[in-house]
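K.L.:
no sequence on hand, only this structure:
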């Protein structure tokens, strides 16, 4: 029996397999995105951490490296959000991904230009709101995922969202192999999205010493959720920097965040006015989430701490965002091998499931 992994997501995104590479800051660069899309998946370029002056060139680089469709990821609170939207339309990228932020007017503008809108959410109510605003596809991320995450496991969140909305759903959080893809498809998802699995590939731009730290992790319990970095729940690999922050008081963390904000301003190339606008947007988002201005100030902490580990290759001086699946990944493979192995294993598992059901039915009828 021939099993096809082709789903509506493949039609919408123009990919061979329903496997999406998420937009990890400083990780999802042109090389990784192109490698993913060339291998039959769908890659998102992490625009939030690319300097405004380099963004268009990075998009053009992806287009030189692959003829396959790809997408852009952005946050409405980033200083150059409008630039990302304009470039997505100008270059006719296949899709954009985002969190909360774009209003109906922005989403309508993108959709009129033929750009697929694909937000990521961690709660049923946010999925419903995203669809009301015009989302074409919704990615749900369960608590197992890396970076900022909610409290609901993927296995619970996925069926809740499937029952609540009527658009294709991509499941994220806890996926790294074909068994995961098979289980997501069997549950009703139209595909899976993975971040950590692609971070831990040969095409990843993450320095070797930091990748070695990811490979060392073999206990999912040591990849845990904390709020000390920016005041919001975030899943990170436990290391000395994280433990040091947890031992510090909130005043020390806020003061450190103010210092980090100035460094982030210089690194991002944002003007003082753009930085204030971004800070105001983060403050509003923090308050809408039940947080405070102090939480918004702490949000400036995360970019520089992540850069220390992910960009500068100092894993013990910064923080290491990671999904729990890192504990199950023991070697670095090429994106093409990762995607083909996932597709082959998912096909095998689904075939075995159907064969088992048919055999059981035959025995019952005999």
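P.N.:
In hand now; what should we look at? Only a predicted model underlies this, so the values are computations on that prediction, with no experimental measurement involved. Numbering: from 1, shown residues only.
K.L.:
longest helix anywhere in the chain?
P.N.:
Secondary structure of the chain read by DSSP state H shows that its longest helix is helix 335-365.
K.L.:
so residue 170 is in which element?
P.N.:
In the assignment (DSSP states H and E), residue 170 maps to strand 169-172.
K.L.:
which element follows that strand toward the C-terminus?
P.N.:
Counting by DSSP H and E, what follows strand 169-172 is helix 178-187.
K.L.:
wait, residue 237 touches residue 215, no?
P.N.:
No: judged on CB atoms under 8 Å, residue 237 makes no contact with residue 215 at a distance of 11.0 Å. C-betas here are computed from N, CA, C, even on glycine.
K.L.:
how about the nearest residue to residue 315 once chain neighbours are set aside, secondary structure?
P.N.:
What sits nearest to residue 315 in space, not counting adjacent residues and going by CB to CB, 6 or more residues apart in numbering, is residue 213, at 4.0 Å. Using DSSP: H, G, I helix; E, B strand; the rest coil, the structure places residue 213 in helix.
K.L.:
dump the residue contacts of residue 213.
P.N.:
By CB atoms under 8 Å, 6 or more residues apart in numbering, the contact set of residue 213 is 237, 239, 309, 315-316, 320.
K.L.:
how about residue 83?
P.N.:
Residue 83 sits next to 52, 55 when contact means CB under 8 Å, 6+ apart.
K.L.:
ok, it to residue 54 distance?
P.N.:
11 Å (CB to CB, to the nearest Å).
K.L.:
then residue 67?
P.N.:
Using CB to CB, one gets 22 Å for the distance from residue 67 to residue 54.
K.L.:
residue 214 now?
P.N.:
26 Å.
K.L.:
picking up where we left off before, higher neighbour count, residue 237 and residue 215?
P.N.:
More neighbours surround residue 237 than the other of residue 237 and residue 215, with 23 against 14 (other CB atoms under 10 Å).
K.L.:
state the phi and psi torsions of the nearest residue to that one once chain neighbours are set aside.
P.N.:
Once flanking residues are discounted, residue 237 sits nearest to residue 320: 4.0 Å by CB to CB, 6+ apart. Per-residue torsions, residue 320: phi -120, psi 90 (degrees, to the nearest 10).
K.L.:
what of the one 5 residues further on?
P.N.:
Backbone torsions of residue 325, given as degrees, to the nearest 10, read phi -70, psi -20.
K.L.:
separation between it and residue 125?
P.N.:
Counting by CB to CB - residue 325 and residue 125 are separated by 26 Å.
K.L.:
now do residue 83
P.N.:
Using CB to CB, residue 83 is found at 30 Å from residue 125.
K.L.:
ditto for residue 311
P.N.:
Taken as CB to CB, the span from residue 311 to residue 125 is 35 Å.
K.L.:
of those two, who's got more company?
P.N.:
Neighbours were counted for residue 311 and for residue 125 using other CB under 10 Å; residue 311 has more, 19 against 9.
K.L.:
not counting its neighbours along the chain, what's nearest that one?
P.N.:
Spatially, and ignoring its direct neighbours in sequence, residue 311 is nearest to residue 26 (5.1 Å; CB to CB, 6+ apart).
K.L.:
end-to-end on stretch 218-230?
P.N.:
One end of stretch 218-230 sits 26 Å from the other (CA to CA, to the nearest Å).
K.L.:
same question for it: list its buried residues.
P.N.:
Judged by neighbour count (16 or more other CB atoms under 10 Å), stretch 218-230 contains these buried residues: 222-223, 226, 228-230.
K.L.:
list the helices and strands the longest helix of the chain packs on?
P.N.:
The helices and strands touching helix 335-365, judged by 3 or more CB pairs under 8 Å, 6 or more residues apart in numbering; DSSP states H and E, are strand 19-21, helix 30-38, helix 178-187, helix 196-199.
K.L.:
between those, which one is nearest to residue 207?
P.N.:
The minimum distance between residue 207 and those falls on helix 196-199, with 11.8 Å, by CB to CB.
K.L.:
and that closest one, what does it pack against?
P.N.:
If contacts are counted by 3+ CB pairs under 8 Å, 6+ apart, helix 196-199 sits against helix 335-365.
K.L.:
kindly recompute the last result at 6 Å.
P.N.:
Here helix 196-199 touches no other helix or strand, going by 3 or more CB pairs under 6 Å, 6 or more residues apart in numbering; DSSP states H and E.
K.L.:
what's residue 88 sitting at in phi/psi?
P.N.:
Dihedral angles (degrees, to the nearest 10) for residue 88: phi -60, psi -40.
K.L.:
okay, the helices and strands packed on helix 335-365 in TSV with mean pLDDT, distance to residue 115 and mean neighbour count next?
P.N.:
Output for the helices and strands packed on helix 335-365, formatted as TSV (pLDDT from 0 to 100; distance: least, CB to CB, whole Å; neighbours: other CB atoms under 10 Å):
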stretch	mean pLDDT	distance to residue 115	mean neighbour count
strand 19-21	98	16	30
helix 30-38	98	16	24
helix 178-187	98	25	20
helix 196-199	98	22	28
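K.L.:
got these as TSV, with distance to residue 48 columns?
P.N.:
Below are the helices and strands packed on helix 335-365 laid out as TSV (distance: least, CB to CB, whole Å):
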stretch	distance to residue 48
strand 19-21	15
helix 30-38	14
helix 178-187	26
helix 196-199	16
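K.L.:
what's the closest of those to residue 111?
P.N.:
It's strand 19-21; of the helices and strands packed on helix 335-365, that one is closest to residue 111 (CB to CB) at 19.0 Å.
K.L.:
distance from that closest one to the middle of the chain?
P.N.:
Here strand 19-21 is found 9 Å from its chain centre; the criterion is CA atoms, centre = their mean, to the nearest Å.
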